[in-house]
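Chemist: sequence and computational prediction follow.
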Number of protein chains: 4
Amino acid sequence: MIIVLKDADKKTIELISKEIEAKGLTPHVSKGKERTIIGAIGDERLLDIEHLKSLPGVEKVVPILAPYKLASREFHPEDTVIKVNGVEVGGEQLAIIAGPCTVESEEQLIEIAHAVKEAGASILRGSAFKPRTSPYSFQGIGEEGLKILRKAKQETGLSIETEVMDTRQVEMVTKYVDILRIGARNMQNFDLLKEVGKVNKPVLLKNGIASTMKEFLMAAEYIMSEGNKQVILCNRGVRSYESELRFPILSGLTSLLKQKTHLPVIVDPSHSTGNRSLIIPVSRAAIAEGADGLIVEVHSCPEKALCDGAQQLTPQEFAKMMAEIKRVAAAIGRKV
Amino acid sequence: MIIVLKDADKKTIELISKEIEAKGLTPHVSKGKERTIIGAIGDERLLDIEHLKSLPGVEKVVPILAPYKLASREFHPEDTVIKVNGVEVGGEQLAIIAGPCTVESEEQLIEIAHAVKEAGASILRGSAFKPRTSPYSFQGIGEEGLKILRKAKQETGLSIETEVMDTRQVEMVTKYVDILRIGARNMQNFDLLKEVGKVNKPVLLKNGIASTMKEFLMAAEYIMSEGNKQVILCNRGVRSYESELRFPILSGLTSLLKQKTHLPVIVDPSHSTGNRSLIIPVSRAAIAEGADGLIVEVHSCPEKALCDGAQQLTPQEFAKMMAEIKRVAAAIGRKV
Amino acid sequence: MIIVLKDADKKTIELISKEIEAKGLTPHVSKGKERTIIGAIGDERLLDIEHLKSLPGVEKVVPILAPYKLASREFHPEDTVIKVNGVEVGGEQLAIIAGPCTVESEEQLIEIAHAVKEAGASILRGSAFKPRTSPYSFQGIGEEGLKILRKAKQETGLSIETEVMDTRQVEMVTKYVDILRIGARNMQNFDLLKEVGKVNKPVLLKNGIASTMKEFLMAAEYIMSEGNKQVILCNRGVRSYESELRFPILSGLTSLLKQKTHLPVIVDPSHSTGNRSLIIPVSRAAIAEGADGLIVEVHSCPEKALCDGAQQLTPQEFAKMMAEIKRVAAAIGRKV
Amino acid sequence: MIIVLKDADKKTIELISKEIEAKGLTPHVSKGKERTIIGAIGDERLLDIEHLKSLPGVEKVVPILAPYKLASREFHPEDTVIKVNGVEVGGEQLAIIAGPCTVESEEQLIEIAHAVKEAGASILRGSAFKPRTSPYSFQGIGEEGLKILRKAKQETGLSIETEVMDTRQVEMVTKYVDILRIGARNMQNFDLLKEVGKVNKPVLLKNGIASTMKEFLMAAEYIMSEGNKQVILCNRGVRSYESELRFPILSGLTSLLKQKTHLPVIVDPSHSTGNRSLIIPVSRAAIAEGADGLIVEVHSCPEKALCDGAQQLTPQEFAKMMAEIKRVAAAIGRKV
């Protein structure tokens, strides 16, 4: 960590140097005409950056090392490959998670489950508990939805994934599904992160819509620090001022995440674009850039005209997407 | 609500018109050369915007009315004034909430409580549960902190306010304090919003760092729709690309909130700026614009040099701030 | 265009209706309980949105049609393919523009020109006039650089492209090069846009770092409205709060641009990422999503260790990039 | 400047140290287990940060000093007070610049000029050249408008201010007006900045809608480095994702600018809010925070109902604004 001082007298420099030494690090002082710089050499995660900033004479504190450890590639250089039943997430093969936004009924889910399986998906998604911006919107069917998911698993052999929103749901949800999802709005719901950190099942963690990469990895660190190392990061895009796109994926972020962390990184083109016509091109881009998989919303419906959500692909469109990303994956040496 | 159609045939127009009628609204169709517009006249909150967007031929859906109701000024034209013990929030008198970031010890809290009371604060803040970006940072002292807050209240007569982070804490926290705070990271923790919506105590709700005004008011609506109408909005700023400011308050947002909602709106200059030298000017600006109060971090400490956080005012600085905002408040016809 | 009125009396509605009729459009009035909606059917580009917003009783004005015309795909459904000497931009074949950030010397440029040509580039880039954030930074070598570009063209047969920053340079720059570049900072330098709009050479227009898609297309419209229809759009990314990425490309924007406009769209991975390790993955993503080409910075240097800019690829790295995007292009049915 | 190295061998450290010494600075090397830090002590403006970033082994380069000099308060500690005829900008008295968006006619401008003078404005604004997002919108009346401005000055004694958009206009505009305005879109039109830097009249420089504070001050530095030290900064707000506000002023930025630079800082509430109902509260906030003045759009019109732009105050509203900010100014020890 680097501490930049302005108009610092000898006493202040000594004081700060002692604080650094007390934590087991070594201070290196460089005095310039306009500023004095103290480099704190050692494990800087032991220093409290907010405290240092508040000391007299301190103008700026610049961290040098990443604040996360368990999630960092420096600490764990090899890729983490997470196994969900027979399926690997983070390996050569891409993990495709697909299914409806919400579990509506047994008939609906099982029909979609068969369809996405046939097109090549290996994990079935579906929300039983739904975070909605409005309290007046449909909030999901709850435990009944979890039972339907389990049934779909039995029928198709697909692994199943669903969202958990509240610490009080973690135990129940864990009983039913293979992967627990933490949604964007809960990326810094720290009590929830700790709770899923105690579970022995993989967690799919979405970034918050305005979180930085560091905050995202710190959220993963929360889960990992409780013992659960099976974290799948999901890049679902961020808020921008471009009103024609919903939550655009930042191109380059998936690659950068893969440099900084050993955890698998998948992309969510459905919630990112919110626009059926963009899901396939954004999926191709995600795979070409290096994502380890996708989580995609797929919905089938007898009265097709009336029920396709703007961000849900039909099974036919999903099959087309799978065919296209298969070719892109092959072009970069991966498999679907 | 306005539905814009492109290349829409008669059948589609009829289909959508029937959907609108089924919800009790009246469709008005305007056919142009390039687009057809259907205006849905009536209570548009009954329509599902996502569903409409997904219908064939629909290019755009534009809501006309606000999605929130209980929180809206149209529904409730008079200002809501919330009473916390003897203190009013949202009336002519400004509500000043002050205290340390975190409850550290009885001695610390009571000393600060006396200091902020003397300078004119009416409510004492202090976190017992602390959301921290890093799992390795200090997370607060928990229930012990709530007991200390209660003691400070007994000693000083100040009302007390603290953060609640987890649905499982709501019952306990409610027993101890006068105002429950929902932090920025939990603005869309919907289960938590519902839980504090069942409580009979005021809730101070901070906006998320990238939330829109509508999302902020919808979060208030969540609380209110469960029965608790005592919501104090706290404008704490948003993430921007200006790295020299932490979470700047958007000038104009407080005024706009006051136009759209009857709920009181206060400002948090401490978390917004994260910079002691900006807290007083930003506080003056907030009051001049029309905020109903402030929530400010104040910390005192025997070894002053070493313990003032970068965003916490000393009692002396807080007293200076109070003197300055008193003059600004008077200039716009309000009192501190 | 849709005009939403609140508390509008009959007189106001008539007044606005007459204004709409005066411009040759037809007003359709829908009266609701809370709001009145007037749909203006016809060529809404004739209406002044700011004026309408300012009328009494008007709460909101919502445009329905795009504000650009010449640039829109509705006006010109087929893809525009721009021919630069023998090279096509916007066709099946991808256009690869490569070269150094700045023209430094004849030796430097010609060496790089040969290298990028060999690896498959068809157009050579190089700035003679350089916009720099600091007045104290190197500002380019001016006309001398244009002469060197022309020499490189003669030696290699590559077409050449360079930036024009000032209306007074347009005539001179046009004499030397095949494509004029308008940089991000000048996307709304309207006098410059008009001036290059009078030139009979293609213009490569970069988006501003915080421009919306609409503003970007309106800047193209400025050029086209002066007569020059040969505009190549360059998606170079936008400012975000993710400090680990420089100006990230928003995934989906290239596809959306291709839906809205007939103009070719290329991507600039160098200025977007500012980070050598991200240029190749971001390029692959751009091609997979559907970009018509790339503009990439390439630099060679005898003392390699000391001269590679963080965002410039070496010729070896560029050749690797070309090999990778060739495979991705093939996967989506295009050629490099 | 601090250079952070990863896996750096002795040779690299020596190489970088020599580069630093060659520029007259002193390198201080601190070797840690995971990183090596080189502090470059001296005038770091002489170092090329982009070059340093590109050197092998360099992970990060952190500037310590501000990149601007002439504009910095460190270089020039006292407030700069700019005199425009008899009026001071940057002194105890606030400078109020008011007038119509655009000069439309002699009658219009002179009527408004008298009105704003009476209410207490000291400088008259009015655009003769207008940057418009659409090429089809009214672009101003050109030199004719400048003549009308001069006439208004003769009639009222007000100083006059107008926008200059193109290097080719600078000479002409300078002849007519007292203050040259550089609009947000041209903040990084470097040739234009250089051109107004050669003029002996004050320049009002608006920040770009997505510029950082550093970029804003570097734009001022461009003007100053050409010799013109009379720069008035205008904080006109930035783009945010809050669609209910146009270009919100970031609360705290005016104060921070006043800490970093000696130049006067005024605020533009009209373009920032674009909403008449917010202009007065945002103006009060600007003054309370510490702005040195305002630039406000005022328009009068016989057929009032039809001509008030959404962001232009009527003379009556302007008079009300002046009365309110007078009280706020007094509360913080300043005068209007």
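Modeler: Sure thing, it's come through. Numbers count the residues shown, from 1 in each chain, chains lettered A, B, ... in the order given.
Chemist: next, count neighbours for whichever residue of the stretch 201-336 of chain A sits closest to chain B.
Modeler: Closest contact between the stretch 201-336 of chain A and chain B, by C-beta to the nearest C-beta, is at A:Ala210 (2.9 Å). For every residue, glycine as well, the C-beta is placed using N, CA and C. A count of neighbours around A:Ala210, defined by other C-beta atoms under 10 Å in any protein chain shown, yields 22.
Chemist: next up, the contacts around it.
Modeler: A:Ala210 makes contacts with A:238-239, B:208-210, B:239, C:241, as judged by C-beta atoms under 8 Å, 6 or more residues apart in numbering or on different chains.
Chemist: ok, 7 Å please
Modeler: A:238-239, B:209-210, B:239, C:241 (C-beta atoms under 7 Å, 6 or more residues apart in numbering or on different chains).
Chemist: in chain A, which spans are strands?
Modeler: Taking DSSP state E, the strands of chain A run over residues A:2-6, A:26-31, A:35-41, A:58-62, A:82-84, A:87-89, A:95-99, A:123-125, A:159-163, A:179-182, A:203-206, A:231-235, A:265-267, A:293-297.
Chemist: using a markdown table, lay out those together with distance to C:Thr162, mean neighbour count and mean pLDDT.
Modeler: What follows is the strands of chain A, written out as a markdown table (distance: least, C-beta to C-beta, whole Å; neighbours: other C-beta atoms under 10 Å in any protein chain shown; pLDDT from 0 to 100):
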| stretch | distance to C:Thr162 | mean neighbour count | mean pLDDT |
| --- | --- | --- | --- |
| strand A:2-6 | 40 | 21 | 90 |
| strand A:26-31 | 42 | 18 | 90 |
| strand A:35-41 | 40 | 24 | 89 |
| strand A:58-62 | 37 | 17 | 89 |
| strand A:82-84 | 49 | 18 | 97 |
| strand A:87-89 | 47 | 21 | 96 |
| strand A:95-99 | 45 | 27 | 98 |
| strand A:123-125 | 49 | 29 | 98 |
| strand A:159-163 | 51 | 24 | 98 |
| strand A:179-182 | 49 | 24 | 98 |
| strand A:203-206 | 43 | 25 | 98 |
| strand A:231-235 | 36 | 26 | 98 |
| strand A:265-267 | 36 | 25 | 98 |
| strand A:293-297 | 40 | 27 | 97 |
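Chemist: to chain B, which of these lies closest?
Modeler: strand A:58-62 (8.4 Å).
Chemist: ok and the closest one relative to strand D:2-6, angle-wise?
Modeler: Angle, strand A:58-62 to strand D:2-6, by axes from the mean of the first three to the mean of the last three C-alpha atoms, to 10 degrees: 20 degrees.
Chemist: contact partners of strand A:58-62?
Modeler: By C-beta under 7 Å, 6+ apart, the residues outside strand A:58-62 that reach it are A:1-6, A:49, A:52-53, D:2, D:62.
Chemist: please repeat the previous calculation with a cut-off of 10 Å.
Modeler: A:1-8, A:12, A:16, A:35-40, A:44, A:47-55, B:310, D:2, D:4, D:37, D:60, D:62, D:64 (C-beta atoms under 10 Å, 6 or more residues apart in numbering or on different chains).
Chemist: and A:Asp9, how many neighbours?
Modeler: Neighbour number of A:Asp9 under other C-beta under 10 Å is 12.
Chemist: make that A:Glu34, sorry
Modeler: 13.
Chemist: farthest-separated two in the contacts of A:Ala210?
Modeler: In these, two members sit farther apart than any others by C-beta to C-beta. They are A:Val238 and B:Ile209, at 11.8 Å.
Chemist: more crowded one of those two?
Modeler: Between A:Val238 and B:Ile209, A:Val238 has the larger neighbour count (other C-beta under 10 Å), namely 26 against 23.
Chemist: correct me, but A:Gly333 touches C:Ala331?
Modeler: No - shown here, A:Gly333 and C:Ala331 do not form a contact pair, counting by C-beta atoms under 10 Å, at 11.7 Å.
Chemist: who has more neighbours, these two?
Modeler: Taking other C-beta under 10 Å, A:Gly333 and C:Ala331 do not tie; C:Ala331 has more neighbours (22 against 9).
Chemist: was I right about the more buried one contacting A:Arg334?
Modeler: No - taking C-beta under 10 Å as the definition, C:Ala331 is not a contact partner of A:Arg334, at 11.6 Å.
Chemist: any common contacting residues for these two?
Modeler: In contact with both C:Ala331 and A:Arg334: A:287, A:325-326, A:328, using C-beta under 10 Å, 6+ apart.
Chemist: right, and A:Glu44 touches A:Lys69 too?
Modeler: No - the criterion here is C-beta under 10 Å, and A:Glu44 misses it with A:Lys69 at 11.2 Å.
Chemist: more crowded one of these two?
Modeler: A count of neighbours by other C-beta under 10 Å puts A:Glu44 above the other of A:Glu44 and A:Lys69, at 23 against 17.
Chemist: in chain A, where is pLDDT below threshold?
Modeler: The model of chain A has pLDDT under 70 over residues A:302-309.
Chemist: residues from it in reach of chain D?
Modeler: A:1-2, A:4, A:6, A:25-44, A:59-60, A:62, A:64-65, A:74, A:209-210, A:238-243 (C-beta under 10 Å from any C-beta of the partner chain).
Chemist: rerun that using 7 Å as the cut-off
Modeler: Counting by C-beta under 7 Å from any C-beta of the partner chain, chain A comes close to chain D at A:2, A:4, A:28, A:30, A:32, A:34-35, A:37, A:39, A:41-42, A:62, A:64-65, A:239-241, A:243.
Chemist: any idea how far the residue lying closest to A:Lys23 once chain neighbours are set aside lies from D:Leu253?
Modeler: Counting by C-beta to C-beta, 6 or more residues apart in numbering or on different chains, A:Leu46 is the residue found nearest to A:Lys23 once chain neighbours are left out, at 4.5 Å. Distance of A:Leu46 to D:Leu253, given as C-beta to C-beta, to the nearest Å: 34 Å.
Chemist: higher neighbour count, the two?
Modeler: Taking neighbours as other C-beta under 10 Å, A:Leu46 and D:Leu253 compare with D:Leu253 leading, 26 against 14.
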